[in-house]
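J.: here's my sequence, what's the structure:
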Amino acid sequence: MNRRMAVHACLMLVGVVISSTSFGQGNLRERGTEHPWSISICGGLKDHEGDEAIADIGFASVALTYDYSRRMTFEGVLTVMPSIPGNDQDYYSMGVLVATSNRLMNAAGVDNTSAIGISLECLYHLTRWERIDPYLVAGAGAMFYADDIGDGTVDTTFSVGAGVLYHFNDEWALRADARGFLSGLSSVQANSLINVGAVWTIGAHVPADPRIGDGEIDSDADGLSDLDEIGKYGTDPQNPDTDGDDLSDYDEVMVYKTNPLEKDTDLDMLTDGEEVLAYKTNPLLADTDNGGVSDGHEVLEDSTNPLDPSDDLLLFSLKIEFDTNKSDIKPLYFPDLDKIGKVLARYPGSTAKIEGHADQRKRSVAAYNVRLSERRAQAVLAYLNKNWQVDASRMAAKGYGFSRPVAPNDPVTGNPENRRVDIYIDGANDAKAAAIDVDEPRVREKAADENVPITIDNSLEDDLPEKGAVL
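T.: Modelled structure (predicted):
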């Protein structure tokens, strides 16, 4: 009875862990893998309770596995037990063994039987894509016996346990796990097993690299010699994925031409691995579909298709120069804000998300820059609300500080490209395009005049800004 209670407790624990870390994350976007299918061939030992008709027995199994996401794997398992002996039952009298009988012979009239089992199992990986890959596992299935073992010829099974994979490379791995079982319905038995085997990933063959020869060492088996990793690329010769973006250093350098030291080569908020494996976007191009919005913003913020330009939101990037530590908008930027106000006024059903961004310098403080960039985004919202009567409920302002750069920052001077306010408008996709030319001479000329009157021109021409316009 204690064993059954322990197995029940394990089932409940794994269910809570999996549901709280995976299914409970409603906004989690799954990440794929380039080679999701694999085959496991294993062997092990299954322990049966002492009062069962069958004894402990070795078995063999084969599993077809599918990596549904970075964390979740599903597999169908076929288990074969070709010869299962009966369990002995001893009879004592006054503490002395007087007789022994075979429980299976008593139940089915045979002293040996066989069985085939099928099951569907779910694995939750704790540190996926690392060489050592521990996981939790839970599953359900059925065992089909050749003879009646006392509770019919079919046993339903519910299992829970834990295991670990050791990846030699992308193609081959070893696995081992231990599980507790509940078997049967009318007479529930608590069993356990241990299982070890090899895993072959279909289609993930790692070809020999002809450049790595003549005694050259490739310690992490990523296809790049240690000498090249240290001297040419600056990558870690002991780690096949130096930047941790799910693409090997070799694939980044030789296949995709991305930066093996930077998770997000094109600075679009998606890692290179996510772009290649999950979203099929170009890791070298921030806006793969050329629709005006970066791939990462489409995926993470807008829930649009980064491969379809027609569903991109209307984006305006304002290069507003604020005074140090201030959020007051200077009059020379009012005409650019008026263009955006006109779009929102023309499309009363549209909404706007206003994002404030900063650049990063050596002494930049993250929390302060988030607050400052949010105040500046709020200043834009207030302007549109006051001067264009755009209801505040149609707009949202948020500051991101320097967490979302669009260009590399210099550690001393930062980068003015990252000091910006981005406005994403939803519901105005059919606005006709018209280019806006805000050149530096015009900005400098107005900036030199501190007494520019604050006027709002409501007679702006009918043409509207172009998608992705930089104001």
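
J.: next one: phi and psi at residue 233?
T.: phi -110, psi -20 (degrees, to the nearest 10).

J.: then residue 273?
T.: phi -70, psi -40.

J.: and for it, the neighbour number?
T.: Neighbour count of residue 273, defined by other CB atoms under 10 Å: 28. Heads up, the C-betas are built off the backbone N, CA and C, glycines and all.

J.: can you show me the strands along the stretch 351-471 of the chain?
T.: In the stretch 351-471 of the chain, strands defined by DSSP state E, counting those that start in this stretch lie at 351-357, 395-399, 420-426, 433-434, 464-465, 469-470, listed in chain order.

J.: again with the stretch 51-200 of the chain
T.: Under the criterion DSSP E, counting those that start in this stretch, the stretch 51-200 of the chain carries strands at the ranges 57-67, 72-85, 88-93, 96-102, 112-125, 132-145, 154-167, 172-183, 189-201.

J.: what would those strands look like in TSV with distance to residue 413?
T.: Compiled in TSV, the strands of the stretch 51-200 of the chain are given as follows (distance: least, CB to CB, whole Å):
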stretch	distance to residue 413
strand 57-67	44
strand 72-85	45
strand 88-93	83
strand 96-102	85
strand 112-125	43
strand 132-145	43
strand 154-167	43
strand 172-183	47
strand 189-201	47
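
J.: got JSON lines for the ones you listed, with distance to residue 316 and mean pLDDT too?
T.: Formatted as JSON lines, the strands of the stretch 51-200 of the chain follow (distance: least, CB to CB, whole Å; pLDDT from 0 to 100):
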{"stretch": "strand 57-67", "distance to residue 316": "40", "mean pLDDT": "94"}
{"stretch": "strand 72-85", "distance to residue 316": "39", "mean pLDDT": "94"}
{"stretch": "strand 88-93", "distance to residue 316": "81", "mean pLDDT": "74"}
{"stretch": "strand 96-102", "distance to residue 316": "83", "mean pLDDT": "74"}
{"stretch": "strand 112-125", "distance to residue 316": "42", "mean pLDDT": "94"}
{"stretch": "strand 132-145", "distance to residue 316": "45", "mean pLDDT": "93"}
{"stretch": "strand 154-167", "distance to residue 316": "46", "mean pLDDT": "92"}
{"stretch": "strand 172-183", "distance to residue 316": "49", "mean pLDDT": "91"}
{"stretch": "strand 189-201", "distance to residue 316": "46", "mean pLDDT": "91"}
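
J.: nearest to residue 425, of these?
T.: Residue 425 sits nearest to strand 72-85 of all the strands of the stretch 51-200 of the chain, at 36.1 Å, using CB to CB.

J.: specify the residue positioned farthest from the middle of this protein.
T.: residue 94 (64.7 Å; CA atoms, centre = their mean).

J.: still on that earlier bit, could you tell me the least trusted of the strands of the stretch 351-471 of the chain?
T.: Between the strands of the stretch 351-471 of the chain, the one with the least mean pLDDT is strand 433-434; it has a mean of 38.

J.: tell me who's in contact with residue 264.
T.: Neighbour list for residue 264: 245, 270-272, 296 [criterion: CB atoms under 8 Å, 6 or more residues apart in numbering].

J.: in a strand, residue 255, correct?
T.: No: counting by DSSP: H, G, I helix; E, B strand; the rest coil, residue 255 falls outside a strand, being helix.

J.: from residue 248, how far off is it?
T.: Separation of residue 255 from residue 248 (CB to CB, to the nearest Å): 9 Å.

J.: looking at the two, which is more packed in?
T.: Neighbour count, other CB under 10 Å: between residue 255 and residue 248, residue 248 has more, with 25 against 12.

J.: correct me if wrong: the more buried one contacts residue 236.
T.: No: counting by CB atoms under 8 Å, residue 248 does not reach residue 236; the two are 11.7 Å apart.

J.: what bridges to residue 118?
T.: residue 78, residue 142 (DSSP bridges).

J.: I figured it hits residue 140, correct?
T.: No: assessed by CB under 8 Å, residue 118 is found out of contact with residue 140, at 10.1 Å.

J.: I'd assumed residue 268 was in a helix, is it?
T.: No: according to three-state DSSP, residue 268 belongs to no helix; its state is coil.

J.: what's near enough to touch it?
T.: When contacts are counted by CB under 8 Å, 6+ apart, residue 268 touches 275, 286-287, 294-297.

J.: these into TSV, with extra columns for neighbour count, pLDDT and distance to residue 260?
T.: Shown next, in TSV, are those (neighbours: other CB atoms under 10 Å; pLDDT from 0 to 100; distance: CB to CB, whole Å):
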residue	neighbour count	pLDDT	distance to residue 260
275	28	96	15
286	21	95	19
287	22	96	23
294	28	95	22
295	26	96	20
296	24	95	20
297	24	95	25
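
J.: narrow these to those in helices?
T.: Cross-referencing these against helices under DSSP state H gives 295-297.

J.: which among these gets closest to residue 400?
T.: Taking those together and measuring to residue 400 by CB to CB, the closest member is residue 297, at 11.2 Å.

J.: against residue 347, how distant is that closest one?
T.: Per CB to CB, residue 297 is found 20 Å from residue 347.

J.: go on, residue 384?
T.: On the measure of CB to CB, residue 384 and residue 347 end up 13 Å apart.

J.: same check, this time on residue 370
T.: From residue 370 to residue 347 the distance is 30 Å (CB to CB).

J.: likewise for residue 171?
T.: For residue 171 relative to residue 347 (CB to CB), the value is 53 Å.

J.: and this structure, what are its domains?
T.: Domain ranges of the chain: 2-201, 218-263, 313-470, per automatic domain parsing.

J.: between residue 384 and residue 347, which has more neighbouring residues?
T.: Set residue 384 next to residue 347 and count neighbours by other CB under 10 Å: residue 384 wins out with 23 against 19.

J.: quick check, that one in contact with residue 343.
T.: No: using CB under 8 Å, residue 384 is not in contact with residue 343, being 10.0 Å away.

J.: in TSV: the ones in helices among the contacts of residue 268, plus distance to residue 181.
T.: Formatted as TSV, these follow (distance: CB to CB, whole Å):
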residue	distance to residue 181
295	46
296	44
297	48
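
J.: now the strands of the stretch 351-471 of the chain as TSV including mean neighbour count?
T.: Below are the strands of the stretch 351-471 of the chain laid out as TSV (neighbours: other CB atoms under 10 Å):
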stretch	mean neighbour count
strand 351-357	23
strand 395-399	18
strand 420-426	22
strand 433-434	12
strand 464-465	23
strand 469-470	18
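
J.: of all those, which one is nearest residue 218?
T.: strand 351-357 (41.0 Å).
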